[in-house]
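> Build me a structure from this.
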Amino acid sequence: MLEKVETILNSQCRLDPQKPILVGVSGGPDSLCLLDLLQRAGYQVVAAHFNHKLRPEAEIEARAVEETARQKKIPFVVDSADVQLHAQNEKLSLEEAARNLRYRFLFTQAHRTHAQAVAVGHTADDQVETVLMHFLRGAGMNGLKGMSYRTFLPTFDKEIPIVRPLLDIWRTEITAYCTSHTLNPHYDASNDSPDFLRNRVRHALIPVLETYNPRIREAVWRAAQTLSSDQGLLTEALESWWHQSVIQETDNYVTLDLNFLSEHSPGLQRQLLRRAVEHLLPSQEAVFAVLERASGFIADPFSHRMDLTGTLFLLREGNMLYIAKSEIELPFDQWPQMPAQMDSIPISVPVQISLANGWQFSSEKWQVSDSAWELSSRNEDQFRVWLDAESQPDNLELRIRRLGDLFEPLGLKGHSQKLSDFFTNVKLTERARARWPLLCSGKVVVWVPGYRPAERVKLKQTSRSILYFALTPPLGIVEK
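Residues are numbered from 1 along each chain as shown. Next up, the predicted model:
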């Protein structure tokens, strides 16, 4: 077994024998076997034990691990916490609470001891149970490939990896190893409790599956190995698609290009959405049902907002799809917005004014009518406009919308409509409307930047006095 594990330590876990490894040691056979193997392989190890205080014998097990470390002359660190209380306070299951506190302790100690990795004793049997649990929850390929020999858990630490050198070793082999090397593991009685899903999979589901295939464990383990290889290939391809689809990526939200998503298959959509969810919630698996609902949301152009999980929502805005945490406020920098606390700004010509989020408003007079007419005719930037100065009302201002505002948009031949109806027709997102800058004169809306001027002030080929207005986005914003 030692030779097999040494190969995995080098090729799969990519560990340096000259740097320390923090080993999570519960006192059970798996972790004691791992600790012994690493020491025999010549690695510098630190034994770390976390006491969950869930069983009366927990203190005895902690002292037993400490004694084992002392006998082997291995540095030892220990800590404890009230897992039951943590689960109640955070509204977590006991399994989740125990895992969170345990890993928080392990990675804290890994930094303190300058460890290159945290090593844990997950075995081939654990891999099979994990894959079956993920299958029962409706996981995709990412879940069905099971655990990796080396991976990062961003929820706990982005710099130090967690390694699993025993993923190829079966529990029967570990039991035999402990016996032959006089290791004295403690057996956790909670591993037999039907209260935990893993235990029900281990003691109830797998024995039933073995009546159909006596080698079901090996079959599931091989399937996980195959899917892990396939997932690696998919991940390489997905990296390119991700960079093509992502507009913005932060700790609180991810913005994807809806046009790109709509042009590709639901399968690719689900993979990109999965990556977005895992970026925002690294400890939460995006199951198929969640991704399927998100894909349906993309396909429905009339869907505006949808709760994706208990802590994430989807929001459609123009060509952008937000996947965002529920408690955060999404940014406004892609739109022009009036400055905070300023509902109206008088406009002279020429002028340059700073608006919110780096946007700039400017105005100037033009004397060359032919040039203005030509540029206006070819203009595709709706944040620029040339207007007939002789038709302009007096006392121009840039302001927010007001109750009862009407607008006579270019193309309606002088017919007016409610400004709110115009916003709806042009699909201006709801949350941008309240402080969208409008060029006005009193109650007359002269220009809705980003969309249209009013019919009465449109530039004519015969116009001789011309006003030019523009809103310029900050560097990096190319469209609303």
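> When you work out contacts or count neighbours from here on, use the C-alpha atoms and nothing else.
Will do.
> who's in contact with stretch 262-277?
Outside stretch 262-277, the residues that touch it by Cα atoms under 8 Å, 6 or more residues apart in numbering are 238, 241-242, 254, 261, 286, 291-292, 294-295, 298-299, 323.
> 6 Å instead?
Contacts to stretch 262-277, defined as Cα atoms under 6 Å, 6 or more residues apart in numbering, come from residues L261, A286, L291.
> Same check on stretch 95-111?
Residues contacting stretch 95-111 (Cα under 6 Å, 6+ apart): L22, V83, A87.
> number of nearby residues for the last one?
Neighbour count for A87, taken as other Cα atoms under 10 Å: 18.
> Ok, L153 next?
For L153, using other Cα under 10 Å, the count is 15.
> same thing with S376?
18.
> same question, P453
P453 has 24 neighbouring residues, counting by other Cα under 10 Å.
> just F361 next, same as before
20.
> same check, this time on E67
14.
> and if you look at the one 4 residues further on?
A count of neighbours around Q71, defined by other Cα under 10 Å, yields 9.
> and if you look at K158?
10.
> give me the element the nearest residue to it once chain neighbours are set aside is part of.
Among residues not flanking K158 along the chain, F152 sits closest, at 6.3 Å (Cα to Cα, 6 or more residues apart in numbering). Assigning secondary structure by DSSP states H and E places F152 in strand 150-153.
> What is that strand packed up against?
strand 157-163 (3 or more Cα pairs under 6 Å, 6 or more residues apart in numbering; DSSP states H and E).
> cutoff 10 Å now
On a contact count with 3 or more Cα pairs under 10 Å, 6 or more residues apart in numbering; DSSP states H and E, strand 150-153 meets strand 117-119, strand 157-163.
> Which strands or helices does the helix or strand just after the first one pack on?
Just to be clear, that refers to strand 117-119. Per DSSP H and E, the first helix or strand lying C-terminal to strand 117-119 is helix 124-136. Helix 124-136 is packed against helix 141-144, helix 171-180, helix 197-200, helix 206-210, helix 216-245, with contacts defined by 3+ Cα pairs under 10 Å, 6+ apart.
> can you do 7 Å?
If contacts are counted by 3 or more Cα pairs under 7 Å, 6 or more residues apart in numbering; DSSP states H and E, helix 124-136 sits against helix 141-144, helix 216-245.
> in the last one, what counts as buried?
I take that to be helix 216-245. For helix 216-245, burial by neighbour count (16 or more other Cα atoms under 10 Å) applies to 216-217, 220-221, 223-225, 227-228, 231, 238, 241-242, 245.
> Pick out the lowest-pLDDT one from the residues you listed.
Lowest pLDDT among the buried residues of helix 216-245: Q231, with 80.
> just so I have it, where are all the strands in the stretch 201-350 of the chain?
246-249, 253-257, 305-307, 312-317, 320-325, 344-346 (DSSP state E, counting those that start in this stretch).
> Mean pLDDT, distance to Q269 and mean neighbour count added to the ones you listed, as JSON lines?
Putting those into JSON lines (pLDDT from 0 to 100; distance: least, Cα to Cα, whole Å; neighbours: other Cα atoms under 10 Å) gives the following:
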{"stretch": "strand 246-249", "mean pLDDT": "92", "distance to Q269": "12", "mean neighbour count": "15"}
{"stretch": "strand 253-257", "mean pLDDT": "95", "distance to Q269": "10", "mean neighbour count": "22"}
{"stretch": "strand 305-307", "mean pLDDT": "91", "distance to Q269": "16", "mean neighbour count": "15"}
{"stretch": "strand 312-317", "mean pLDDT": "91", "distance to Q269": "14", "mean neighbour count": "20"}
{"stretch": "strand 320-325", "mean pLDDT": "93", "distance to Q269": "12", "mean neighbour count": "23"}
{"stretch": "strand 344-346", "mean pLDDT": "95", "distance to Q269": "43", "mean neighbour count": "15"}
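> where does this protein have low pLDDT?
283, 476-480 (pLDDT under 70).
> picking up where we left off before, tell me which of the helices and strands packed on strand 150-153 is the most buried.
strand 117-119 (a mean of 27; mean count of other Cα atoms under 10 Å).
> Each with direction, which strands does that strand pair with?
strand 21-24 (parallel), strand 157-163 (parallel) (DSSP bridges).
> Please render those strands as JSON lines that adds distance to I206 to the earlier fields.
Converted to JSON lines, the strands paired with strand 117-119 look like this (distance: least, Cα to Cα, whole Å):
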{"stretch": "strand 21-24", "distance to I206": "27"}
{"stretch": "strand 157-163", "distance to I206": "26"}
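> Looking at these, spot the one closest to K418.
For K418, the closest of these is strand 157-163, at 52.1 Å, according to Cα to Cα.
> what does the closest one contact?
Residues outside strand 157-163 that contact it (Cα atoms under 7 Å, 6 or more residues apart in numbering): C13, F107, Q116, A117, V118, A119, V120, Y149, R150, T151, F152.
> Excluding chain neighbours, give the residue nearest to S228 in space.
K145 (4.8 Å).
> which ones are touching I74?
V45, V46, A47.
> do L321 as well
T255, L256, D257, L258, L314, L315.
> Next, find the distance separating the first one from L261.
Same thing as T255. With distances taken as Cα to Cα, to the nearest Å, T255 is found 12 Å from L261.
> Which one, of the helices and strands packed on helix 124-136, ends up nearest to I174?
helix 216-245 (16.0 Å).
> Next, the angle from the closest one to helix 124-136.
Angle, helix 216-245 to helix 124-136, by axes from the mean of the first three to the mean of the last three Cα atoms, to 10 degrees: 60 degrees.
> Packing partners of helix 216-245?
Looks like helix 216-245 contacts helix 124-136, helix 141-144 (3+ Cα pairs under 7 Å, 6+ apart).
> ok, now which ones touch K19?
Q44, A115, Q116.
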